[in-house]
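Peer 1: prediction below, plus the sequence it came from.
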Amino acid sequence: MGEAPGSQDRFAAAVARFDAANAEDPRREPVDGEPQPRELVYARRMTAALDRFAPDAPEAVRLAARCQHIRRWTIPRDRYPAGRDGYRRWRTDLGRFHADTAGEILREVGYDQATVARVAALLRKERLKADPDVQLLEDVICLVFLQHYLAQFAAQHDDEKLTDILRKTWRKMSDRGRAAALEIDLPDGLRALVARAVGGATSA
């Protein structure tokens, strides 16, 4: 597709470095009965979801999807104050950390500064709703959450809290992302909860 010589190797090298970093996650997530590093599992799920949702996504988006949570466990939520302000500070700091960590790797494997800056902007979620690539990444993040993490989240929170989270998630998504979300195979209880939350989000 008109790629410069060596660009596929460079992309593969970046993914390998991202995965090596995430493989250091001490937390484990069972996959087919086998415990694996949690953020490595998440990165692979992001790539798989992006490949299904937008197989022709730009290279910068594919890179950002693979490193969206890179080494996230090193900045835990409980390091910040409880409440909304503490949460926002945590998320802002995470975005910068992910951008800086990924940028260092991208430069080391041979990407130019323009690509590094683009991936950083995607990871910081700059101009969500205005930038189609940022929106694409956000759609994939939301789809991965709904498909792989909603059930676990639902087990830890009451319906009111979960409904609030689902409404916020829905508002972040594009129409195309929402259509894909409604096609995810969820247990009946979760599907009903999503339907109620979607109704609230669209009427708000």
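Peer 2: Noted; the coordinates are in hand.
Peer 1: in which helix or strand does E29 reside?
Peer 2: Element membership for E29 (DSSP states H and E) is strand 28-31.
Peer 1: and Q36, by the same measure?
Peer 2: strand 34-37.
Peer 1: on that earlier part again, quick one: strands adjacent to the strand holding E29?
Peer 2: Counting by DSSP bridges, the strands paired with strand 28-31 are strand 34-37 (antiparallel).
Peer 1: which residues sit against the top helix by length along the chain?
Peer 2: What stands out as the longest helix in the chain, according to DSSP state H, is helix 84-108. The set of residues external to helix 84-108 that reach it, using Cβ atoms under 8 Å, 6 or more residues apart in numbering, is 14, 17-18, 21, 63-64, 67-72, 74-75, 77, 79-81, 113, 115-116, 119-121, 123-125. Every residue, glycine included, has its C-beta placed from N, CA and C.
Peer 1: which is the next helix or strand following that helix?
Peer 2: Per DSSP H and E, the first helix or strand lying C-terminal to helix 84-108 is helix 113-123.
Peer 1: which other residues reach that following helix?
Peer 2: 59-61, 63-64, 67-68, 95, 98-100, 102-103, 106-107, 127, 131, 133-134, 137.
Peer 1: also stretch 35-44?
Peer 2: With contact meaning Cβ under 8 Å, 6+ apart, stretch 35-44 is reached by 18-19, 22-31, 65-73, 144.
Peer 1: now do 6 Å
Peer 2: 19, 22-23, 25, 27-29, 31, 66, 69, 72 (Cβ atoms under 6 Å, 6 or more residues apart in numbering).
Peer 1: and stretch 155-174, what's buried?
Peer 2: 162-163, 165-167, 169-170, 172-173 (16 or more other Cβ atoms under 10 Å).
Peer 1: once you drop chain neighbours, what's closest to the spatially most central residue of the chain?
Peer 2: The C-alpha lying nearest the average C-alpha coordinate of the chain belongs to I141 (Cα atoms, centre = their mean; 3.6 Å). Of all residues not flanking I141 in the chain, Q68 sits nearest, at 6.7 Å (Cβ to Cβ, 6 or more residues apart in numbering).
Peer 1: then P81?
Peer 2: Spatially, and ignoring its direct neighbours in sequence, P81 is nearest to R89 (7.8 Å; Cβ to Cβ, 6+ apart).
Peer 1: state the pLDDT value of that neighbour.
Peer 2: With respect to pLDDT, R89 scores 95.
Peer 1: what does the strand holding E29 contact?
Peer 2: Applying Cβ under 6 Å, 6+ apart, the set of residues contacting strand 28-31 from outside is 35-36, 38, 41.
Peer 1: residues of that strand that come out buried?
Peer 2: E29.
Peer 1: now stretch 174-181
Peer 2: Buried residues in stretch 174-181, counting neighbours by 16+ other Cβ under 10 Å, are found at 177-178, 180-181.
Peer 1: all helices of this protein, in order?
Peer 2: Ranges of helices within the chain are 7-22, 38-53, 59-66, 84-108, 113-123, 132-144, 150-156, 159-172, 175-181, 188-203, based on DSSP H.
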